[in-house]
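Q: Sequence plus the predicted model coming up.
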Amino acid sequence: MTHDCLFCRIARGDLPAHVVHEDDEVVAFLDLHPIRPGHTLVIPKAHHVWFEDIPAPLAARVMACSQTLSHRMKRIYGVERVAMFFTGIHVPHAHAHVVPMHHVHDVSSQAYLADGPDGYSVPPQLDPERMAAIARDLAQG
């Protein structure tokens with residue numbers, strides 16, 4: 001972990017997050033600006049800037065956690081599909097996004113696309129009570 005990395009600070013417990021899963025190597029928590037309610041980030045606790053640098057066994061742990069969350073999201077939200085993708089554009093710590101897809105464009109957000117290739121509008125944040133309820137549902141499975 002690094003001292004000032006936002007996600008390392010969350011993994012250490014130095015910053016609050018709506019955690020839905022945590023084990024010795026991986027932590028999953030709700031995205032503060034979700035594409036859809038339930039949008040969860042799954043990160044290795046060890047600091048890796050790029051997803052291709054995550055050791056294969058650790059990457060498998062991230063994938064397994066993402067699959068578990070996907071099954072829960074399908075049940076909780078009644079969706080047919082859940083997306084899982086790595087980005088790392090805004091926080092230089094490899095992280096997977098797990099997003100319940102209610103619409104075909106949920107992971108190619110029209111809000112993002114409207115800003116053009118060099119723009120970025122922050123999606124709205126959910127109220128804290130709703131975030132806490134979503135986190136409880138996803139954590140309990």
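A: On my side now, so go ahead. Residues are numbered from 1 along each chain as shown.

Q: what's the neighbour count on His3?
A: 9 (other C-beta atoms under 10 Å). C-beta here means a position set from N, CA and C on the backbone, and glycine is covered the same way.

Q: Would you state the helices of the chain in chain order?
A: For the chain, the helices defined by DSSP state H cover 6-12, 56-77, 110-114, 128-140.

Q: Show me the least confident stretch of those helices, going by mean pLDDT.
A: Comparing mean pLDDT across the helices of the chain, the weakest is helix 110-114, with a mean of 58.

Q: before we move on, the earlier item: distance to Ala46 and mean neighbour count for the helices of the chain - can I get that in JSON lines?
A: Converted to JSON lines, the helices of the chain look like this (distance: least, C-beta to C-beta, whole Å; neighbours: other C-beta atoms under 10 Å):
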{"stretch": "helix 6-12", "distance to Ala46": "9", "mean neighbour count": "19"}
{"stretch": "helix 56-77", "distance to Ala46": "7", "mean neighbour count": "17"}
{"stretch": "helix 110-114", "distance to Ala46": "29", "mean neighbour count": "12"}
{"stretch": "helix 128-140", "distance to Ala46": "22", "mean neighbour count": "15"}
